[in-house]
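A.B. asks: What follows is a predicted protein model with its sequence.
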Amino acid sequence: MGEWSNGLFGCFGNLGVCIITYFVPCVTAGQNAEKAGVGGCVPCAIVSMLGCIGIYFMAKTREKTRELKGIEGSFVMDCVWSWICPFCSLVQVAQELEDVPAGGSMVRE
């Protein structure tokens, strides 16, 4: 199993994603979900703003990203990071999915 290509607190690795996530995190959440194959960008962006449901949804996107990229981890820790540090978690997932086209999926390596 692999590891994340960017650390959880490596938010500034992509300053554009970092700024967008800080001001409109729902956009990054929707884009991440679409790239990970969890759902469409707009519906997922809306769901991400619904408190506990949003945290669960972001954790599911994180879990799917881990599965696609062969990264170690657990859904429980995905939930913890999505709750404790949602911005960092969103940016980390976005950086991991940079090479995946929107609406596309990725074949496991």
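C.D. replies: Structure's in. What do you need? Residues are numbered from 1 along each chain as shown.
A.B. asks: And the contacts of stretch 57-71?
C.D. replies: Here stretch 57-71 makes contact (C-beta atoms under 8 Å, 6 or more residues apart in numbering) with 1-4, 29, 32-33, 36-38, 44, 47-48, 50, 72-73, 75, 78-79, 81-82, 86, 89-90, 93, 96-97, 100, 105-106, 108-109. In short, each C-beta sits where N, CA and C put it, glycine included.
A.B. asks: max-length helix in this protein?
C.D. replies: Using DSSP state H, we find that the single longest helix of the chain is helix 51-69.
A.B. asks: Would you mark the buried spots in that one?
C.D. replies: 54-66, 68-69 (16 or more other C-beta atoms under 10 Å).
A.B. asks: still on that earlier bit, buried by neighbour count, from the contacts of stretch 57-71: which ones?
C.D. replies: 4, 29, 32-33, 36-38, 44, 47-48, 73, 78-79, 81-82, 86, 89-90, 93, 96-97, 100.
A.B. asks: so who does the residue positioned nearest the centre of the chain touch?
C.D. replies: The centroid of the chain falls nearest to residue 93 when counting by C-alpha atoms, centre = their mean (3.5 Å). Counting by C-beta under 8 Å, 6+ apart, residue 93 makes contact with 32, 36, 61, 62, 65.
A.B. asks: One more pass at 10 Å, please.
C.D. replies: Applying C-beta atoms under 10 Å, 6 or more residues apart in numbering to residue 93 gives the contacts 4, 6, 17, 21, 28-29, 31-33, 35-36, 58, 61-62, 64-66, 69, 78, 81-82.
A.B. asks: same question, residue 72
C.D. replies: Residues near residue 72 by C-beta under 10 Å, 6+ apart: 1, 2, 3, 4, 66.
A.B. asks: Quick check: of these, which lies closest to residue 13?
C.D. replies: For those, the minimum distance to residue 13 (C-beta to C-beta) is 11.0 Å, reached by residue 4.
A.B. asks: And that closest one, how far from residue 49?
C.D. replies: 25 Å (C-beta to C-beta, to the nearest Å).
A.B. asks: among the contacts of stretch 57-71, which are in strands?
C.D. replies: Members of the contacts of stretch 57-71 lying in strands (criterion: DSSP state E): none.
A.B. asks: Perfect, I'm done here.
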